[in-house]
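1. Kindly generate the corresponding structure for this input.
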Amino acid sequence: MENKKVAHDPLVLLARRAAAAGAQVLSGRDEQKFNTDEKSAAGDWVTDFDRAAEEAIRATIFTARPNDELTGEEFPSQKPSNPSGYRWSIDPLDGTTNFVRNIAYYCSSVGVCQRQDDGTDVWVAAAIVAPALEVEYFAGRGQGAWKHDLRTKKITQLTGPVESDAKLLGTGFGYDAERRDFQLSVLTELLPDFVNIRRIGSAALDLCLVAEGSLDAYAEYGTQEYDWAAGALIAEETGTPVGRPVGYPGWQYAGLVDTSKLVSPKA
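-> Predicted structure coming up:
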């Protein structure tokens, strides 16, 4: 059972409700209703489910907190006239290709940050729900990270990976051929530190798998904020090292990875 503080934190509770609302839309997966469009490259898809899930997430948050800013993958930012200083970052369907191809690793991801006096953002609550896996992950700043098995209702605190001689690395690749070549060149440098790699197809779930220790590390170049907003906090709250991209594109990483090898592309 999770601790009482995170169980009653209003931002964590809202993040969980919002992610669940998105996942509920995704659970109605029907290939006849995809209405699939390509975003920017072959295989980079968006479906009606992406859009409907984001609408459900936004409605859940806006109803409870109308003065918070909303940013997401599929729709323009929603900026209130009297901003509260909190901003939600929404990925309604992380792993769209998996969703379209009926691979279970996809999810709705919701994170919220608070703007500080110096203009920086501090991530304070997060939730991710993967409907096909029947699992929820959530975290609150300073309150730990948790996994909720939606089948058994069991809630477990996550503690991150443990150093070993059999480490697994999670990663991902862009759709642009030039970026993919760069990512492969860095992966060549990283591989000697690991026994193998996994390519899950969802950055949010990659970060959750690091949080639960199923992956020992994750590193990917060129992810967007909505990809890592929730997952990075979930991994961070296990005590594992986490790095968020500085600007775009940049490296997102978590876990037992040699960050000196995460170089930038040559000009």
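2. ok, for His220, nearest residue in space, not its chain neighbours?
-> Actually, residue 220 is Glu rather than His. Leaving aside its chain neighbours, Glu220 sits nearest to Gly172 (4.4 Å; criterion: Cβ to Cβ, 6 or more residues apart in numbering). For the C-beta atoms, the positions are set from N, CA and C on the backbone; glycine is no exception.
3. And the helices in the stretch 51-200 of the chain, which stretches?
-> Ranges of helices within the stretch 51-200 of the chain are 96-100, 177-190, based on DSSP state H, counting those that start in this stretch.
4. Go ahead and confirm Ile155 touches Gly144.
-> No - using Cβ atoms under 8 Å, Ile155 is not in contact with Gly144; the gap is 10.9 Å.
5. So which of these two has more stuff around it?
-> Set side by side, Ile155 and Gly144 show unequal neighbour counts under other Cβ atoms under 10 Å, the larger going to Gly144 at 19 against 15.
6. And the average pLDDT for stretch 255-267 is what?
-> When the per-residue pLDDT values of stretch 255-267 are averaged, the result is 92.
7. same for the helix or strand encompassing Gln252, what does it pack against?
-> Using DSSP states H and E, the secondary-structure element containing Gln252 is strand 251-255. Contact here means 3 or more Cβ pairs under 8 Å, 6 or more residues apart in numbering; DSSP states H and E; on that basis strand 251-255 packs against helix 203-211, strand 217-221, helix 225-236, strand 242-243.
8. Identify, out of those, the most deeply packed stretch.
-> The densest packing among the helices and strands packed on strand 251-255, expressed as mean neighbour count by mean count of other Cβ atoms under 10 Å, is seen in helix 203-211 with a mean of 31.
9. contacts for that helix?
-> If you take Cβ atoms under 8 Å, 6 or more residues apart in numbering as the criterion, helix 203-211 is touched by 91, 94-95, 105-107, 109, 128, 130, 137, 145, 147, 158, 160-161, 170-172, 200, 215-218, 220, 223, 227-228, 230-232, 234-235, 237-238, 240, 252, 254-255.
10. This completes my enquiry, with thanks.
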